[in-house]
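> no sequence for this one, just the structure:
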Ligand SMILES: [Zn+2]
Ligand SMILES: [Zn+2]
């Protein structure tokens with residue numbers, strides 16, 4: 001209650017316009033998107049019709065007899081879950097998170113049900129998808145690590161932001177590349193620096209956005225080569241391709 005009052009007072013003192021529609025944001029906990037844009041953003045739940053492995057929404061007609069999208073079969077993680085679709089409020093707050101290492105409460109609230117979609121045990125380790133050392137210095141923080149901290153806090157598991165590292169500095173303009181080019185760019189980009197921390201663990205790999213799955217698949221591959229018993233992926237948003 002007190003927090004709600006402080007939030008609404010703060011939003012009067014520091015007015016923030018919605019990065020999507022331009023109207024003023026009602027509360028600090030919304031981050032850079034207004035209530036209306038948040039409510040138009042699609043969230044996933046346990047009842048959503050999603051691929052059992054990668055959580056891509058299933059076209060109910062095309063996939064009536066299957067629970068798989070059939071495009072993720074060769075990816076190395078066991079399961080990937082996401083809070084919602086990469087659009088509107090989720091896209092705006094995740095873009096902002098690359099500039100400011102602050103997770104708005106409304107985004108944090110989406111982490112809990114997403115964590116609950118995964119099996120977690122005392123043997124689970126929370127690992128953020130790393131940035132290269134050069135990029136980490138340029139940005140000052142890794143947004144995936146900021147989100148992984150929320151996941152670790154909610155699940156009660158340890159965060160390990162040191163064992164998995166990104167060797168190469170991958171180019172900025174990945175969106176301009178096709179899927180094949182993206183995959184070969186990230187294929188050998190990661191290494192496990194501290195194998196004894198990974199061996200025998202079930203890993204939850206955390207990132208902000210799941211696009212093609214190539215990055216997390218490459219991470220999962222190297223983690224499993226170093227003895228991880230399973231690798232699940234948790235992202236806050238998931239890019240969704242058109243109907244196919
Ligand atoms: Zn808006
Ligand atoms: Zn799939």
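Alright, I've got the coordinates. This one's a predicted model, so the numbers in the text were calculated from it and none came from an experiment. Ligands and ions are numbered 1, 2, ... in the order given.
> can you map out the helices along this protein?
For the chain, applying DSSP state H gives helices covering 2-13, 35-39, 88-97, 105-115, 133-139, 143-155, 179-187, 195-198, 214-225.
> Show me the one of the ones you listed that comes nearest ligand 1.
helix 35-39 (3.3 Å; Cβ to the ion). For glycine as for every other residue, the C-beta is placed from the backbone atoms N, C-alpha and C.
> That closest one - what's its average pLDDT?
Across helix 35-39, pLDDT averages out at 97.
> for that helix, packing partners?
The contact analysis (3 or more Cβ pairs under 8 Å, 6 or more residues apart in numbering; DSSP states H and E) places helix 35-39 against helix 88-97.
> Which parts of the helix it packs on count as buried, going by neighbours?
88-94, 96-97 (16 or more other Cβ atoms under 10 Å).
> I'd like those residues as CSV, with distance to residue 23 appended.
As requested, the buried residues of helix 88-97 are exported to CSV (distance: Cβ to Cβ, whole Å):
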residue, distance to residue 23
88, 13
89, 13
90, 18
91, 17
92, 13
93, 16
94, 20
96, 17
97, 21
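> Which of those sits closest to residue 239?
The nearest member of those to residue 239, counting by Cβ to Cβ, is residue 91 at 9.5 Å.
> List the contacts of the closest one.
residue 237 (Cβ atoms under 8 Å, 6 or more residues apart in numbering).
> And residue 213, by the same measure?
With Cβ under 8 Å, 6+ apart, residue 213 has these contacts: 54, 72, 75, 77, 80, 233.
> Check the spacing between the fourth one and residue 138 real quick.
Taken as Cβ to Cβ, to the nearest Å, the spacing of residue 77 relative to residue 138 amounts to 28 Å.
> Repeat that for residue 46.
38 Å.
> circling back to that earlier point, so residue 77 and residue 138 - more neighbours on which side?
Neighbour count, other Cβ atoms under 10 Å: between residue 77 and residue 138, residue 77 has more, with 23 against 10.
> which residue sits closest to the more buried one in space, ignoring its chain neighbours?
residue 220 (4.0 Å; Cβ to Cβ, 6 or more residues apart in numbering).
> among the contacts of residue 213, which are in reach of ligand 2?
Under the cut-off given by Cβ under 5 Å from the ion, ligand 2 has 54, 72 from those close to it.
> Of the contacts of residue 213, which pair is most distant in space?
Maximum distance among these (Cβ to Cβ): 10.5 Å, for 72 and 233.
> so where's this structure shaky on pLDDT?
1, 6-14, 60-65, 168-180, 182-183, 242-244 (pLDDT under 70).
> For it, what lies in contact range of ligand 1?
Checking the chain against ligand 1 by Cβ under 5 Å from the ion, the hits are 18, 20-21, 34, 37.
> rerun at 6 Å
18, 20-21, 23, 33-34, 36-37 (Cβ under 6 Å from the ion).
> Counting neighbours, which of the residues you listed end up buried?
When those are checked against 16+ other Cβ under 10 Å, the ones flagged as buried are 18, 20, 33-34, 37.
> can you list the domains in this protein?
1-40, 44-238 (automatic domain parsing).
> Of the ones you listed, flag the one that's most buried.
Highest mean neighbour count among the domains of the chain (mean count of other Cβ atoms under 10 Å): domain 44-238, with a mean of 18.
> distance between the ends of it?
Chord length of domain 44-238, first to last residue, is 10 Å (Cα to Cα, to the nearest Å).
> so which of the helices of the chain comes closest to residue 239?
helix 88-97 (9.5 Å).
> next one: that closest one to chain centre, how far?
Between the centre of helix 88-97 and the centre of its chain there are 12 Å (Cα atoms, centre = their mean, to the nearest Å).
> ok, now stretch 212-223?
For stretch 212-223 - counting by Cα atoms, centre = their mean - the centre lies 13 Å from the chain centre.
> still on that earlier bit, which two of the buried ones among the residues of the chain next to ligand 1 have the greatest separation?
So for these, where distance means Cβ to Cβ, the most widely separated pair is 20 and 34, at 7.6 Å.
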